[in-house]
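1. sequence first, then the predicted structure, then my questions.
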Amino acid sequence: MLDMDAFHEFREGLTLLREGDAAAAVKPLRQAFQRDPHNPYYISYYGLSLGHAEGQWDMAERLCHSAVCRSRRQAQLYLNLAEVYLASGRRRAAADTLARALHRLPHDTRLHAEFGRLTVRRPRVLLFLPRNNMLNRNLGRLRHRLMQHIPRRKWLVTSVSDA
C-alpha cells in the first residue's frame, strides 16, 4: 500500500533535487525513506541527495546500490548509482554500472545516452579520412578485433615485495 505522506515528501524532495538544491532535498527524501524504507526509489534518491549535499559518497553508494539490488529492472536506479560514482570520481565504476544496466535493459535510450557520454572512443585509424568513411570503419573493426587478442599490460605490473 502506498503511503501518501511519504509520496508527497518524495515528490517535494525530488523537485528540490532537480532544481539543484540538494541540501534542502535531503530532509524530505530522508523522511520519505524513513516512512517507507523498502521503496527502491526513495532509497536511491535519498542516497543521491545525501552524496550531493553532504559529500557522504560511501553512504550514497551503499544506498543506491541497495536500491538497484531491490529492483533490477528500473533504469533510473542505475542512472542514480552511476551519478553517485561519477560525482565521487569513480568514472570506471559508473561505466561498469551502466554496462550492467544495458545488459538487463538493452532498449533504454537514457542508458545508451549516458553510457555514450562516459565511453571514450579511440582515434580514427586514418586521420585524414572522416570517421564514417568505409575504409576507416573497416580498419577500426579490424583494430578492435586485434586489440581483443593482445593482452593488456595491467598484468605486467609488479607489486613491491616486503621481503
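-> Now that the structure is in, tell me what you want to look at.
2. residue ranges with poor pLDDT in this protein?
-> The chain contains residues with pLDDT under 70 at 1, 152-163.
3. identify the residue nearest the geometric centre of it.
-> Ala82 (1.4 Å; CA atoms, centre = their mean).
4. out of everything not next to it in sequence, what's closest to it?
-> Sequence neighbours aside, Ala94 is the residue nearest to Ala82 in space, at 4.2 Å (criterion: CB to CB, 6 or more residues apart in numbering). Yep, even glycine has a C-beta here, placed from its N, CA and C like the rest.
5. quick one, what contacts that neighbour?
-> Neighbouring residues of Ala94 by CB atoms under 8 Å, 6 or more residues apart in numbering: Leu81, Ala82, Glu83, Tyr85, Leu86, Leu118.
6. ditto for Arg72
-> Neighbours of Arg72 in contact, by CB under 8 Å, 6+ apart: Arg104.
7. again, but for the one 10 residues further on
-> Under the criterion of CB under 8 Å, 6+ apart, the contact list for Ala82 reads Ala94, Ala95, Thr97, Leu98, Ala101, Glu114, Leu118.
8. right, and Gly13 touches Leu50 too?
-> No. Using CB atoms under 8 Å, Gly13 is not in contact with Leu50; the gap is 11.0 Å.
9. any shared contact partners between those two?
-> With CB under 8 Å, 6+ apart, Gly13 and Leu50 have common neighbours Val26.
10. when the two are compared, which one has more neighbours?
-> Gly13 (26 against 23; other CB atoms under 10 Å).
11. checking that one next. Helix, strand or coil?
-> Judged by DSSP: H, G, I helix; E, B strand; the rest coil, the three-state class of Gly13 is helix.
12. show me what contacts it?
-> Contact partners of Gly13, counting by CB under 8 Å, 6+ apart, are Ala25, Val26, Lys27, Pro28, Leu29, Ala32, Tyr45, Tyr46, Ser49.
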